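1. Requesting a structural model of the entry that follows:
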Amino acid sequence: MPCRVMARLAYTWLMDMCDIWDSRFAERSPMFEPLRPLALALAGDTWPAPERLNELALELGVVSGGGQPLRFVNVTGKDAPKAADYELRIHDEGIVPMRVANWHDFFNAVVWLTFPHIKSALNRGHARELRSNLASTRNRRRDALTLFDESGVLVFSCSREVLDGLRAFAWGRVLRDARNTFQTTTRCLIVGHALYEKALSPYIGMTGHALLLSTGNVMDVNTKAASGSSPGIAHYDMAAQALLAEIVEPRDLSPLPVLGVPGWWEANRDAAFYDNVDYFRAGRTRHPGPSTEPGGNQAGRAEGAG
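-> Alright, predicted model coming up:
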């Protein structure tokens, strides 16, 4: 059996068996960096109750894609709504069904609290598609929104070389050979809640789907060097939300082998790590369409392997 398949099976078994609360989950990996403030706010001996999440949502002013104040409501498996009903209920009523003591639903809630503008935009996109198509079935737009919601990564960079290299699947050139350039010009932030769940027990083959954004200014990425404080997550949340309207199909997102991101996985310090062609795959690209960067200029659209 291929190593990638064995790793995936081991991961699935582990997570099925281990929905055990760990209040220090955010210390496991740099991949959890965006969630660390919420991890501190939710620290305790037991799983955070929906009531505690609702207090934070109210405090932070989090609203659904329809502008309704967000509320998390505990449901059992048999009461879980279908995908279409799920999105419309969030949009119209602000109610997010969740299973307590479940890592997947916990990370969904925490991402709502961390990236409220992005999550609201995703929800609004789903609702618009559902109502305009008068059908509950998924279309390419909804497939793309779901893919980003589950496994999305924001990649902000002021380096055209980095962004073009990621679009071209030039993993060794960008992540290994230009490692120092990547680390000083680029910031990666996981948004997908399923990807956070996987980050609890990372495995070779673990892949995100990235929205690539040009900052146009190194200070947007590396402010810490000049002022002593890095831009807050809210800055990236606000900057990315408008670009979600440009995601019309899954190929508008760039595959990203997340364990290859410098600093995210100890083994990638070894240059030979990037020789694994089963993980760092070549892919098909197409000519990038126009995409507006946060500063209002034109940047290339993210590409997928499709």
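2. Not counting its neighbours along the chain, what's nearest Ser157?
-> Leaving aside its sequence neighbours, Ser157 sits nearest to Thr186 (Cβ to Cβ, 6 or more residues apart in numbering; 3.9 Å). In this view, the C-beta of every residue, glycine as well, is placed from N, C-alpha and C.
3. top helix in the chain by residue count?
-> Criterion DSSP state H: the longest helix present in the chain is helix 116-133.
4. and that one, how far out from the chain's middle?
-> 16 Å (Cα atoms, centre = their mean, to the nearest Å).
5. Toward the C-terminus, what is the element adjacent to the helix or strand where Asn180 lies?
-> Using DSSP states H and E, Asn180 sits in helix 179-185. Next in sequence after helix 179-185, counting helices and strands by DSSP H and E, comes strand 186-190.
6. packing partners for that next one?
-> strand 152-157, helix 233-241 (3 or more Cβ pairs under 8 Å, 6 or more residues apart in numbering; DSSP states H and E).
7. Would you agree the residue nearest to Ser157 is in contact with Leu154?
-> No: the pair Thr186 / Leu154 is not scored as a contact, 10.7 Å apart, by Cβ atoms under 8 Å.
8. Just the terminal-to-terminal distance for stretch 144-163.
-> End-to-end distance for stretch 144-163, by Cα to Cα, to the nearest Å: 20 Å.
9. The longest strand along the chain versus strand 152-157: what angle between them?
-> Among the segments of the chain that qualify as a strand by DSSP state E, the longest is strand 207-214. Going by axes from the mean of the first three to the mean of the last three Cα atoms, to 10 degrees, strand 207-214 is angled at 30 degrees with respect to strand 152-157.
10. Strand 207-214 packs against which elements?
-> Against strand 207-214 (3+ Cβ pairs under 8 Å, 6+ apart) you get helix 140-151, strand 152-157, helix 160-167, helix 233-241, strand 254-257, strand 298-300.
11. how many neighbours does Gly44 have?
-> Applying other Cβ atoms under 10 Å, we find 11 residues neighbouring Gly44.
12. domains of the chain?
-> Following automatic domain parsing, one finds the domains of the chain at 29-138, 144-300.
13. would you turn those domains into CSV with distance to Ser23 and mean pLDDT?
-> Listed next are the domains of the chain as CSV, based on distance: least, Cβ to Cβ, whole Å; pLDDT from 0 to 100:
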stretch, distance to Ser23, mean pLDDT
domain 29-138, 5, 92
domain 144-300, 13, 85
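14. so what's His209 closest to, chain neighbours aside?
-> In space, His209 is closest to Leu253, 4.0 Å off (Cβ to Cβ, 6+ apart).
15. correct me, but the one you found touches Asp143?
-> No: when contacts are counted by Cβ under 8 Å, Leu253 is not listed as touching Asp143 (10.4 Å).
16. who's more crowded, these two?
-> Remark: of Leu253 and Asp143, Leu253 carries more neighbours, 25 against 13, as counted by other Cβ under 10 Å.
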